[in-house]
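> Build me a structure from this.
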Amino acid sequence: MDSGVFLGRFDGQSKLLVRSLLSGVAGPLRALAVFNKQQRASEMSLSNFIETLCQDEITCRDTETQPLTVQPLVCLFPAFFKQNLLSFIHLVQPLLPQTTLLQLLKCLGQDRHPSPWVTALVRQLERNMGVHNEEPLYTPLCSQRLKEQLQRLVGCGGTGGWTKCGQTVESESQRSSGLSELGTQRKRKGSFASLDSDGEETRQQSKRTKMDVGGSECLVAEEQSLKEEISGRLESDAPAEAPTKELQPAPDGPCDALPEHIKVSVLQIKELLESQTEWDQSSMDVFKVLCDCDPGQVEVLCSMLSLPDLPEQTLPKVCSSILAPSLDISYSTAATLIRSLLLEKVLSLSEPASRCLVTAVTSLCTHCPRPMCHALIGPVLEDKNIGNPQAELLNRLIEGCLDPHYRLLVLQMTFKIAWSEAVLSIIHSLLDSKPDLSEELFTQFTEQLVSQGPHFTKSVKFAKMMLTVLTKYSSHVTAAHKHSLSGCQMLNETFLKKPLQAALKRITHS
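Next up is the predicted model:
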């Protein structure tokens with residue numbers, strides 16, 4: 001039955017909500033915009049709207065021989081309306097009395113042909129309200145298909161591939177001892193080679209693209225596989241206790257976990273950092289010890305040197321030594337050094353970064369972009385207290401140090417976090433650099449844009465970012481994207497609302 005025949009059951013304000021929820025994928029956002037306007041004008045309550053949906057309606061079956069039946073009005077609407085309705089309720093749940101909402105969910109439970117999506121949204125709302133619904137959000141059929149798919153993957157993978165994803169992660173001591181034995185062999189294979197060399201950068205470009213765009217998970221999987229291979233060699237070629245003894249710290253402190261020649265170098269570096277004299281080539285050579293350290297030893301070394309507390313004026317000299325041509329540090333070593341040297345300083349910024357800090361950050365980002373993205377840029381984006389000083393520094397790195405490949409990686413990082421005004425300026429900077437977005441990535445971005453939109457209805461930064469999407473990426477916008485973005489644009493309350501409407505109208509192709 002056509003949903004339009006039921007509109008007469010609703011009052012004037014509720015009719016607008018029903019029409020919004022019947023408007024397609026943008027229905028929840030359209031309904032939210034309508035509700036906000038109505039509430040500002042007359043303090044509208046949703047109780048009447050919900051009560052009307054819960055009223056019993058007499059319906060007939062498919063054949064004349066079947067008797068008349070009674071169902072709640074909400075059950076007679078199409079599945080996409082119910083899905084939009086529940087998505088809208090998720091947005092306004094704090095404004096609804098729990099008894100009213102429970103009544104609606106009870107009515108939806110009488111649906112003779114429930115949609116899996118509607119069922120999942122109902123159960124999620126029940127959990128949000130504290131109603132202990134222990135049933136899973138997925139259907140039994142979905143569960144069965146997942147089990148069958150997993151069995152196929154395990155059957156095809158043997159002892160490698162996907163099977164390794166389910167194995168227990170080995171202990172820290174095994175990981176450290178395995179990488180310690182790897183030494184220069186790791187560098188020859190190039191699995192964690194530094195990105196400093198132009199020749200190596202060219203040879204690894206294809207591999208890096210697959211690893212970085214997908215995030216750090218690929219790197220972890222490759223590293224885990226390599227560690228297991230080395231761990232197996234150690235178990236067959238050396239006494240079982242040897243790796244544990246080598247890395248087990250003595251009661252006296254972490255320094256005892258280091259070999260003697262590394263302890264000597266630590267003392268030399270410490271003396272160098274505390275001296276006021278200029279560094280010459282021999283001074284920089286003491287940092288070569290980093291090439292002999294495994295990841296666990298680098299952590300100990302950074303702790304002993306108190307690198308997070310290093311004065312900012314010393315940072316450029318340290319970075320120059322780390323990036324010297326004579327050093328070929330691994331990915332894990334570079335990431336550990338970046339975290340120790342820079343992360344705490346960047347996170348604690350309350351004003352624009354000093355010249356020394358900017359110099360250090362840009363030099364490391366230029367020569368080691370991949371570890372920089374994962375060890376500094378990612379954690380800064382995820383920090384809840386990120387502000388303008390951090391955003392300004394990251395924008396400088398995006399514009400001056402990162403290649404398009406890494407800008408794309410940073411943009412993907414923003415898909416997994418809650419946006420703030422500072423994050424918006426970083427995303428805007430990324431979009432201005434015009435990264436080459438695939439259809440899939442652009443869809444992911446627009447989904448994030450639409451989901452975050454209700455939190456930034458009065459944000460000029462958000463409006464400018466959206467305007468950039470509609471102008472610079474108009475060729476990426478499909479009919480489905482345009483529909484979603486139109487709903488997001490309706491929520492905007494800034495002076496850019498009309499330019500956004502005009503930009504949307506200019507996109508005529510599907």
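
> show me where pLDDT drops low in the stretch 1-150 of the chain?
Applying pLDDT under 70 to the stretch 1-150 of the chain flags the ranges 1-5, 42-44, 60-67, 132-139.

> what about stretch 425-440, start to end distance?
23 Å (CA to CA, to the nearest Å).

> Gln390 is in contact with Ala422, isn't it?
Yes: here Gln390 reaches Ala422: they are 6.4 Å apart, a contact under CB atoms under 8 Å. For the C-beta atoms, the positions are set from N, CA and C on the backbone; glycine is no exception.

> Now the one helix or strand Ser283 maps to: buried residues?
Using DSSP states H and E, Ser283 sits in helix 281-285. Across helix 281-285, burial judged by 16 or more other CB atoms under 10 Å covers 283-284.

> pLDDT of it, averaged?
Per-residue pLDDT values over helix 281-285 give a mean of 75.

> Could you name the helices and strands sitting against it?
For helix 281-285, the packing partners by 3 or more CB pairs under 8 Å, 6 or more residues apart in numbering; DSSP states H and E come out as helix 315-322.

> What segments of the stretch 401-510 of the chain are strands?
In the stretch 401-510 of the chain, no strands are found when defined by DSSP state E, counting those that start in this stretch.

> where does it have low pLDDT?
Ranges of the stretch 401-510 of the chain meeting pLDDT under 70: 509-510.

> one more time with 50
Along the stretch 401-510 of the chain, segments meeting pLDDT under 50 span 510.

> again with the stretch 251-400 of the chain
Counting by pLDDT under 50, the stretch 251-400 of the chain contains low-confidence residues at 251-253.

> And the chain, what are its domain boundaries?
3-135, 172-436 (automatic domain parsing).

> want to try JSON lines for those domains, with distance to Leu153 as columns?
Shown next, in JSON lines, are those (distance: least, CB to CB, whole Å):
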{"stretch": "domain 3-135", "distance to Leu153": "23"}
{"stretch": "domain 172-436", "distance to Leu153": "14"}
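
> With Thr468 as the reference, name the closest of these.
Among these, the nearest to Thr468 by CB to CB is domain 172-436 (5.0 Å).

> Let me see the contact set for Ala33.
Taking CB atoms under 8 Å, 6 or more residues apart in numbering as the criterion, Ala33 is in contact with 20, 487, 490-491.

> Tell me which two of the residues you listed sit farthest apart.
By the measure CB to CB, Ser20 and Leu491 form the most distant pair in the contacts of Ala33, at 12.0 Å.

> which stretches of the stretch 251-400 of the chain form strands?
Under DSSP E, counting those that start in this stretch, the stretch 251-400 of the chain gives no strands.

> now the helices for it?
Assigned by DSSP state H, counting those that start in this stretch, the helices in the stretch 251-400 of the chain fall at 260-274, 281-285, 295-305, 315-322, 331-338, 344-347, 355-367, 369-372, 378-382, 388-400.

> Now tabulate those helices in TSV and tack on distance to Leu102.
Shown next, in TSV, are these (distance: least, CB to CB, whole Å):
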stretch	distance to Leu102
helix 260-274	64
helix 281-285	70
helix 295-305	52
helix 315-322	59
helix 331-338	50
helix 344-347	44
helix 355-367	53
helix 369-372	51
helix 378-382	36
helix 388-400	43
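
> Could you tell me which residues make contact with Ser306?
Ser306 touches nothing, counting by CB under 8 Å, 6+ apart.

> Now do the phi/psi pair for it.
The phi/psi pair for Ser306 (degrees, to the nearest 10) reads phi 50, psi 50.

> So it versus Thr359, what's the distance?
Look at Ser306 and Thr359: by CB to CB, to the nearest Å, they are 21 Å apart.

> what sits against Thr443?
Applying CB under 8 Å, 6+ apart, one finds that Thr443 lies in contact with His481.

> let's see it at 10 Å
Going by CB atoms under 10 Å, 6 or more residues apart in numbering, Thr443 touches 437, 476, 478, 480-481, 484.

> Including distance to Gln448, could those go into a markdown table?
Listed next are the contacts of Thr443 as a markdown table, based on distance: CB to CB, whole Å:
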| residue | distance to Gln448 |
| --- | --- |
| Leu437 | 13 |
| His476 | 14 |
| Thr478 | 16 |
| Ala480 | 15 |
| His481 | 12 |
| Ser484 | 11 |
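
> Report all helices and strands that whichever strand or helix holds Ile58 contacts.
According to DSSP H and E, Ile58 maps onto strand 56-59. Counting by 3 or more CB pairs under 10 Å, 6 or more residues apart in numbering; DSSP states H and E, the packing neighbours recorded for strand 56-59 are strand 69-72.

> Mind checking what helix or strand follows the strand it packs on in sequence?
helix 79-92.

> What is the subsequent helix or strand relative to that next one?
With secondary structure assigned by DSSP H and E, helix 79-92 is succeeded by helix 98-108.

> Look up how far Leu86 lies from His476.
From His476 to Leu86 the distance is 30 Å (CB to CB).

> Those two: who's more crowded?
Higher neighbour count among His476 and Leu86: Leu86, with 22 against 17, using other CB atoms under 10 Å.

> Number of residues surrounding the residue nearest to that one when sequence neighbours are not counted?
Leaving aside its sequence neighbours, Leu86 sits nearest to Leu121 (CB to CB, 6 or more residues apart in numbering; 3.9 Å). Other residues within reach of Leu121, judged by other CB under 10 Å, total 22.

> wait, doesn't Leu121 sit right on Ala79?
No: using CB atoms under 10 Å, Leu121 makes no contact with Ala79, being 11.1 Å away.

> quick one, what contacts Ser474?
The contact partners of Ser474, by CB under 10 Å, 6+ apart, come to 482, 503-504, 506-509.

> Neighbour count and distance to Lys472 for those - can I get that in JSON lines?
Below are the contacts of Ser474 laid out as JSON lines (neighbours: other CB atoms under 10 Å; distance: CB to CB, whole Å):
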{"residue": "Lys482", "neighbour count": "20", "distance to Lys472": "15"}
{"residue": "Ala503", "neighbour count": "20", "distance to Lys472": "10"}
{"residue": "Leu504", "neighbour count": "16", "distance to Lys472": "14"}
{"residue": "Arg506", "neighbour count": "10", "distance to Lys472": "13"}
{"residue": "Ile507", "neighbour count": "20", "distance to Lys472": "12"}
{"residue": "Thr508", "neighbour count": "7", "distance to Lys472": "17"}
{"residue": "His509", "neighbour count": "9", "distance to Lys472": "16"}
